[in-house]
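[1] Could you work out the structure for the sequence below:
(2 chains)
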Number of protein chains: 2
Amino acid sequence: MKRYQALAEDVARSIREGLLRPGEKLPSVRQTAARRKLSMATVFQAYYLLEARGLIRSRPRSGYYVAADAPRLPPEPEAPSRPDGESRPVDVSELVFEVLESAMARQLVPLGSAFPSPLLFPLARLGRHLASAAQHLDPWSTVDDLTPGKLALRRQIALRYRIDGLPVSPEDIVITNGALEALNLCLQAVTRPGDAVVVESPCFYAALQALERQHLRAIEVPTHPRDGIDLEALETALQRQRPRACWLMTNFQNPLGSAMPDAKKQALVALLARHRVPLIEDDVYGELYFGERRPMPAKAYDTQGLVLHCASFSKCLAPGYRIGWAAPGRFAQAVARHKLTGSLATSAPAQMALAAYLEAGGYDRHLRRLRNTLAVQQQQYMEAVARHFPAGTRVTRPSGGYFLWLELPAGSDALALHRRALAHGISIAPGPIFSANRGFAHCLRLNYGHPMDARVEQAIAMLGRLAAL
Amino acid sequence: MKRYQALAEDVARSIREGLLRPGEKLPSVRQTAARRKLSMATVFQAYYLLEARGLIRSRPRSGYYVAADAPRLPPEPEAPSRPDGESRPVDVSELVFEVLESAMARQLVPLGSAFPSPLLFPLARLGRHLASAAQHLDPWSTVDDLTPGKLALRRQIALRYRIDGLPVSPEDIVITNGALEALNLCLQAVTRPGDAVVVESPCFYAALQALERQHLRAIEVPTHPRDGIDLEALETALQRQRPRACWLMTNFQNPLGSAMPDAKKQALVALLARHRVPLIEDDVYGELYFGERRPMPAKAYDTQGLVLHCASFSKCLAPGYRIGWAAPGRFAQAVARHKLTGSLATSAPAQMALAAYLEAGGYDRHLRRLRNTLAVQQQQYMEAVARHFPAGTRVTRPSGGYFLWLELPAGSDALALHRRALAHGISIAPGPIFSANRGFAHCLRLNYGHPMDARVEQAIAMLGRLAAL
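    Numbers count the residues shown, from 1 in each chain, chains lettered A, B, ... in the order given. So this is what the prediction gives:
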């Protein structure tokens, strides 16, 4: 992010948060430049940007003022979901595939995509490490260095756990073909067909699909859009329905963006330990936080080896390489064996390239830049939604990740909106794909992982008009 | 293979096949050089090699003679296996893992390994294609070019099917994380937990493990070490036990090395079509034939879309890259969806490198060299077994692949041999890991995919002594 952009975001935040009120005068350009140690030109650039976004107005010979009609953010959803609490077989795949397949064409405005813009990643630099890895591949490593994955890479991953204070060692880690394989393997390791598994409501459709293909039943538990699964409701489900496992996203849940506070994670782990129920923790967005420090995974509080932590590099460093991992606690051997019998090993060159990249340093620098970019884009998308969506729309304000969750006014039909949007060259992720019982008919997920530009602005405007129909 | 080696192999074959009999005089070095258009030095080198292998003797001032005690190959196993015909849940994994994990250490003589020597593959050349692919990775392809895999690679694979006369198109192919993932996905696409699946007897342990993790029952059907599964027995099983699928290796089956003649494959496909039972065809060794032309897969005779053909580059080109595929006939969409929900996509750089390598040409040249090497190694290993194993040992003579299947004299205990061999730094694959009912107690699989040298010869000699205990 350039300096003028950073300044503009600071001011925008002050306006959103009410520190600067409509009509109020901004500090002069000269004052701001002096206080911030910036050039006047930089401050002007920031103010021009804010003016273009409709947040401030200049009055000739007087200075800049907060616009009286500065876009206000829509309210957040306040209520947790209210699933019926039944355990049921899962049968969502047909709908999910229909939606996903229709939304894959490259020419669509990818508001329904599950991926951020690939241009946000250091693919050229990774490519250089890959090229070098290719030249130095030890032929024997292709034979005897299979499951659980390259030691060099497991070491780098373990190091990052250690920095966060988690006592995870290289031998606790199984490298997988992306986080999705890790999650599937963990699920296989702790369940048998017919078992029930707790998920959030709404929950990531891939979790539902994984339950469906493994012939498991889903128990959807009420989940708050801000701080995640409701622990009381979870306890009730544990007592009444004896699920075999939980599959939760503790940080920046997909689709809600909810994040469990650390104390709540600690309580979650303790609750599950009392019931001896393993937690499959999908933490693929944990590195994409906008706050001061990485939110802990629930695994940080696990003393029983009951948390199977899964993550990947696909969303924060290396899309397309398909490198993820599980740190499955006491289930490490079982997960490794499922990996061995399910797909034997993970592509060696990709593992080596990532290990070399991580060893060389620079990952954290990249992550800082990525987080800043996503935080800015979140604000820009929220403002665009505020400008264009009908009154009564509620929008989450996640503290990380790249998804907004929208509740449209009651009676809205997100599946119909999805079809109308497609006809206008726009994809969205409609609410019903995030639930085994087709709930969330009036909700949708928007991806803000792509830079805001005129095309996106117009797409959001179009969506807003279609939503108001 | 060098010229002198080729000549030595020709002569060795003539001796084995009885064209040259014990005590018979070989053509003189001068004659042979003239007839073969070789230098005399090359012929001498070949004769020295044959002498060292005990196949010929020199008599001063007289020339070379076939040794009176030239090693004769052990007899082949003649009887098909006789499993009990029951369908049973599979519970082999613990034993298989114990054996495989103990056999993985790099310092062992890898006679029990499932892989040929990685030095047989053009890894440096592949590395150059990988390096170039890394530089030219289109970032957007990491997002919208997921399942079913890179079109450029699917095109190259389809081309090879077309050359063999199979009407397989790029859109019929799903790229997977090695053949093992392809096989697992196909199995998921056509079965549900509790179903029974026909396998060969003995059969590849990974097939048994796949059945086990998917909670399926195995029906082991009698299989002949030369031409594969017994079709009459298969028909009986189809009628009586209503299996939901067959999983067979039609070419150079692991562990037997059996190959179904083309007419038998045709009859197999017709039989299964009558019963509407899908065939999961594991054809990972099909390119490693020693005859004049590639043996057809059963899929060549499939008119109903009931054959799910699975193969990979791991055994013939690119170990460690983990690139395989399925051509699942009418189940293509189901397999693609299982891929999407199971691991999303296959590593992009590895796919691009293989596509570029195949486009550049040279794969067939590599394969010819590889086949020659394996054919020579097979003879060398068979001779070593003949020299060192106890009388009564039978050995298969596969026409491709890199496995020998040994039947030791009745009463032998291959699991005990496995443990004794490990103590001597040698791995083998004992028979019981190839059967759901722990049959084949007196059998073992030997890998001849590693160059024959003094260390291997000594290991085979040691195995022979241990087998005679």
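
[2] residues in contact with the helix or strand hosting A:Tyr161?
    Using DSSP states H and E, A:Tyr161 maps to helix A:151-163. Residues from elsewhere that reach helix A:151-163 (Cβ atoms under 8 Å, 6 or more residues apart in numbering or on different chains): A:145, A:148, A:167-173, A:175, A:323, A:325, A:327, A:351-352, A:354-356, A:358-359. (Each C-beta comes from the backbone N, C-alpha and C, glycine too.)

[3] cool, stretch A:293-302 as well?
    Around stretch A:293-302, the neighbours that count as contacts under Cβ under 8 Å, 6+ apart are A:164-166, A:168, A:248, A:250-251, A:259-260, A:262, A:265-266, A:268-270, A:273, A:279, A:281, A:283, A:286-287, A:289, A:307, A:309, A:327, A:329, A:400.

[4] which among these end up buried?
    A:166, A:168, A:248, A:250-251, A:259-260, A:265-266, A:268-269, A:273, A:279, A:281, A:283, A:286-287, A:289, A:307, A:309, A:327, A:329, A:400 (16 or more other Cβ atoms under 10 Å in any protein chain shown).

[5] and the next element down the chain from whatever helix or strand A:Ala270 lives in?
    Using DSSP H and E, A:Ala270 maps to helix A:262-274. On the C-terminal side of helix A:262-274, the closest following helix or strand by DSSP H and E is strand A:279-282.

[6] quick one: that next one to chain centroid distance?
    For strand A:279-282, the separation from the chain centroid amounts to 14 Å (computed by Cα atoms, centre = their mean, to the nearest Å).

[7] what's next to the helix or strand just after that strand, contact-wise?
    Remark: after strand A:279-282, the chain's next helix or strand is strand A:307-312, criterion DSSP H and E. Residues outside strand A:307-312 that contact it (Cβ under 8 Å, 6+ apart): A:168, A:176, A:178-179, A:182-183, A:186, A:189-190, A:269, A:278-284, A:286, A:297-299, A:323-329, A:331, A:335.

[8] Pull the contacting residues for the residue in the stretch 1-150 of chain A that chain B sits nearest to.
    Relative to chain B, the nearest point of the stretch 1-150 of chain A is A:Thr142 (2.9 Å; Cβ to the nearest Cβ). Contacts for A:Thr142 (Cβ under 8 Å, 6+ apart) come out as A:Ala348, B:Pro118, B:Leu123, B:Pro319, B:Gly320.

[9] Spell out the residue ranges of the strands in the stretch 351-469 of chain A.
    Using DSSP state E, counting those that start in this stretch, the strands of the stretch 351-469 of chain A run over A:394-395, A:403-407, A:429-430, A:443-447.

[10] do the same with the stretch 101-250 of chain A
    Under DSSP E, counting those that start in this stretch, the stretch 101-250 of chain A gives strands at A:174-176, A:196-201, A:217-224, A:228-229, A:245-248.

[11] For chain A, which element, helix or strand, carries the lowest mean pLDDT?
    Lowest mean confidence among the helices and strands of chain A (mean pLDDT, DSSP states H and E): helix A:141-144, at a mean of 77.

[12] Give the buried residues for the helix holding A:Tyr161.
    A:Leu151, A:Ala152, A:Leu153, A:Arg154, A:Gln156, A:Ile157, A:Ala158, A:Arg160, A:Tyr161.

[13] pLDDT score for the fourth one?
    What that stands for is A:Arg154. A:Arg154 carries a pLDDT value of 97.

[14] picking that back up, make TSV from the buried residues of helix A:151-163 and add distance to B:Arg445 to it.
    Converted to TSV, the buried residues of helix A:151-163 look like this (distance: Cβ to Cβ, whole Å):
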residue	distance to B:Arg445
A:Leu151	29
A:Ala152	32
A:Leu153	32
A:Arg154	31
A:Gln156	37
A:Ile157	35
A:Ala158	36
A:Arg160	41
A:Tyr161	40
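
[15] Among those, which one sits closest to B:Ala423?
    Nearest to B:Ala423 among the buried residues of helix A:151-163: A:Leu151, at 26.5 Å, using Cβ to Cβ.

[16] re the thing from before, list buried residues within the contacts of helix A:151-163.
    A:145, A:148, A:168, A:170, A:172-173, A:175, A:323, A:325, A:327, A:351-352, A:354-356, A:358.

[17] can you tell me which of the residues you listed are in helices?
    Counted as lying in helices by DSSP state H, out of the buried ones among the contacts of helix A:151-163, are A:Gln351, A:Met352, A:Leu354, A:Ala355, A:Ala356, A:Leu358.

[18] gap between the last one and A:Ile157?
    Translated: A:Leu358. Distance, A:Leu358 to A:Ile157, by Cβ to Cβ, to the nearest Å: 8 Å.

[19] residues in the stretch 51-200 of chain A within reach of chain B, list them.
    Taking Cβ under 8 Å from any Cβ of the partner chain as the measure of proximity, the stretch 51-200 of chain A contacts chain B at A:93, A:97, A:100, A:104-106, A:110, A:113, A:115, A:118-119, A:121, A:123-124, A:126-128, A:130-132, A:134-135, A:137, A:139-145, A:176-178, A:180-181, A:184, A:188, A:192-193.

[20] Please check the residues you listed and keep the buried ones.
    By 16+ other Cβ under 10 Å, these give A:93, A:97, A:100, A:104, A:110, A:113, A:115, A:118, A:121, A:123, A:126-128, A:130-131, A:134, A:137, A:141-145, A:176-178, A:180-181, A:184, A:188 as buried.

[21] In helices, which of the residues you listed appear?
    A:93, A:97, A:100, A:123, A:126-128, A:130-131, A:134, A:141-144, A:178, A:180-181, A:184, A:188.

[22] can you pull the pLDDT of A:Leu20?
    pLDDT at A:Leu20 comes out at 86.

[23] Equivalent analysis for A:Gln45, please.
    A:Gln45 is given a pLDDT of 89.

[24] check contacts around A:Ala196.
    Contacts of A:Ala196 (Cβ under 8 Å, 6+ apart): A:Ser87, A:Leu216, A:Arg217, A:Ala218, A:Ile219, A:Gln241, A:Arg242, A:Pro243, A:Arg244.

[25] run the last query once more with 7 Å
    A:Ser87, A:Leu216, A:Arg217, A:Ile219, A:Gln241, A:Pro243, A:Arg244 (Cβ atoms under 7 Å, 6 or more residues apart in numbering or on different chains).

[26] Which ones among those lie within helices?
    Within those, residues falling in helices by DSSP H are A:Gln241.

[27] Restricted to buried residues, select the contacts of A:Ala196 in PyMOL.
    The PyMOL selection below is limited to those of these classed as buried (16+ other Cβ under 10 Å):
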select buried, chain A and resi 87+216+217+219+243+244
